[in-house]
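**Student:** Here you go, sequence then predicted model.
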Amino acid sequence: MIETTLWHPVAGSDALAGTPLALRLLAQDLVLWRDETGRARAFADRCPHRGTRLSLGHVVQHGGQAALECPYHGWRFGGDGGCVLIASQPSFSPPASHAACAHEAQEAHGLVWVRLQPGDSALPAFDAGTDPQLRTLLCGPYDVATSAGRIVENFLDLSHFGFVHDGWLGERTHVETPAYTVQPTPAGFIATGCQAWQPQSNRLSTEGSWVDYHYELTAPFSAVLTKLPQAQDGYRDVIGLFVCPLDEERSRVWFRLAVTDHDSSDDALRAFQHTIFTQDQPVLESQQPKRLPLAGGEVHCAADRSSAAYRRFLLERGIRFGAIA
């Protein structure tokens, strides 16, 4: 399954502290923990001894280094997964067959990312996160009862604004979607020339205006939106969407904001984003089937260029998790 060779967000960096953290990715149970250097480690959430959840255990010190201790018999595992102690047989040197199943993990964009199998995929880009003129913060997580593909497609969609976000990102009197273009990139595609009339494009908006949108698909389950309100000269909002496919029909979502607004509180910015996404969430969870149809089953119109491009991208790349081919 090609999805296992991709990097996926699994937790906010701030959520991973001194205790093991249970999570799920691609229908597999994992445990995250930090070693003595603060590095994030990811194991299958199963002790190789008797199948106990390692996430019920503890991070302990062993020989000057951190180890994850199983709650059942006290077996300890180092950062690479190797078993460093069998408590009932302390003089025994455990062989490689006694190791926990370790996976690659790294941190970026305020998130911990995991890859279940080796591959050549790169982390999804979010260049705005390093722009010193922009302020960054993380919003979420949101657990959503639908597939990752449905969530990404909704993020790329302009024509629902006047209905789902009436009075916020759209108005029912301005629902026509101007023509826009979609161009492929090595990581996905970009959609340019997108415009939407919005009563309140961001938290500081005081009047309605046309907003220029630039979408970029940066990975199968990640995308970036840049918003340029025409009434706010020099203002820019960049929103990164990062989706973790928990199961075929359940997902966890984070938004990474990089905004020009340096005055509003973190709570105020998160509240605005929360309002927008919780307007989307019940619609997303109502869609049937929950898995995204990639070929047939649903009809399209010219306003759906980005949706059609996204489905083609998944089909061509062989991405099938949470999808119907």
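**Tutor:** Right, received. Where do you want to start? Numbering: from 1, shown residues only.

**Student:** G167 is in contact with P199, isn't it?
**Tutor:** Yes: look at G167 against P199 with Cβ atoms under 8 Å: they come within range, at 5.7 Å. (C-beta placed from N, C-alpha, C; glycine too.)

**Student:** For those two, indicate the residue with more neighbours.
**Tutor:** Just comparing G167 and P199: by other Cβ atoms under 10 Å the higher neighbour count belongs to P199, 17 against 12.

**Student:** Leaving out chain neighbours, which residue sits closest to the more buried one?
**Tutor:** Closest residue to P199 in three dimensions, ignoring its sequence neighbours and counting by Cβ to Cβ, 6 or more residues apart in numbering: G208, at 4.5 Å.

**Student:** got the contact list for the one you found?
**Tutor:** The contact partners of G208, by Cβ atoms under 8 Å, 6 or more residues apart in numbering, come to 171, 197-200.

**Student:** now D80
**Tutor:** With contact taken as Cβ under 8 Å, 6+ apart, D80 is in contact with 99, 102.

**Student:** Would you check that V144 makes contact with R250?
**Tutor:** Yes: between V144 and R250 there is a contact at 7.3 Å, judged by Cβ under 8 Å.

**Student:** More neighbours: the two, which one.
**Tutor:** Neighbours were counted for V144 and for R250 using other Cβ under 10 Å; V144 has more, 24 against 18.

**Student:** Same question for stretch 104-111: list its buried residues.
**Tutor:** Of the residues in stretch 104-111, those buried under the neighbour-count criterion (16 or more other Cβ atoms under 10 Å) are 105, 107-111.

**Student:** List just the nearest of those to A258.
**Tutor:** H109 (9.8 Å; Cβ to Cβ).

**Student:** Can you give me the distance of V114 to D14?
**Tutor:** 17 Å (Cβ to Cβ, to the nearest Å).

**Student:** ok, the two, which is more surrounded?
**Tutor:** For V114 versus D14, neighbours defined as other Cβ under 10 Å are more numerous around V114 (24 against 10).

**Student:** what's the helix or strand for that one?
**Tutor:** With elements delineated by DSSP states H and E, V114 resides in strand 111-115, which encompasses its position.

**Student:** helices or strands up against that strand?
**Tutor:** Strand 111-115 sits against strand 8-12, strand 28-34, strand 40-44, strand 102-108, with contacts defined as 3 or more Cβ pairs under 8 Å, 6 or more residues apart in numbering; DSSP states H and E.

**Student:** pLDDT weak spots in the stretch 201-325 of the chain?
**Tutor:** Using pLDDT under 70 as the threshold, the predicted model of the stretch 201-325 of the chain has low-confidence ranges 201-207, 231-232.

**Student:** Now do the strands in it.
**Tutor:** Read by DSSP state E, counting those that start in this stretch, the stretch 201-325 of the chain holds these strands, from start to end of the chain: 209-219, 222-229, 237-247, 250-259, 292-293, 323-324.

**Student:** Which stretches in this structure count as helices?
**Tutor:** Under the criterion DSSP state H, the chain contains helices at 148-155, 161-164, 266-286, 305-317.

**Student:** quick one: which of these is nearest L292?
**Tutor:** Closest to L292 of the helices of the chain, according to Cβ to Cβ: helix 148-155, at 3.4 Å.

**Student:** My guess is A105 contacts R41. True?
**Tutor:** Yes: contact status for A105 versus R41: in contact at 6.1 Å, counting by Cβ under 8 Å.

**Student:** Now do the shared contacts for these two.
**Tutor:** Counting by Cβ under 8 Å, 6+ apart, the residues touching both A105 and R41 are L32.

**Student:** tell me the domain ranges of the protein?
**Tutor:** Partitioning the chain according to automatic domain parsing yields domains covering residues 2-115, 127-324.

**Student:** how about the nearest residue to L134 once chain neighbours are set aside, what does it touch?
**Tutor:** Take L134 and drop its neighbours on the chain: the residue closest to it by Cβ to Cβ, 6+ apart is A258, 4.1 Å away. Contacts here follow Cβ under 8 Å, 6+ apart; on that basis A258 touches 126, 128-129, 131, 134-136, 237-240.

**Student:** go again using 10 Å as the cut-off
**Tutor:** In this structure, A258 makes contact with 109, 126-131, 133-137, 224, 226, 236-240, judged by Cβ atoms under 10 Å, 6 or more residues apart in numbering.

**Student:** repeat for G129
**Tutor:** By Cβ under 10 Å, 6+ apart, the contact set of G129 is 108-110, 136, 224, 238, 240, 256-258.

**Student:** Near I2, how many residues? Count them for me, please.
**Tutor:** The local packing count at I2 equals 14, with neighbours defined by other Cβ under 10 Å.

**Student:** can you tell me how far it sits from V31?
**Tutor:** For I2 relative to V31 (Cβ to Cβ), the value is 24 Å.

**Student:** ok, now how distant is the nearest residue to F155 once chain neighbours are set aside from G140?
**Tutor:** Once its chain neighbours are removed from consideration, F155 has its nearest residue in L241; the separation is 4.8 Å (Cβ to Cβ, 6+ apart). Distance of L241 to G140, given as Cβ to Cβ: 10 Å.
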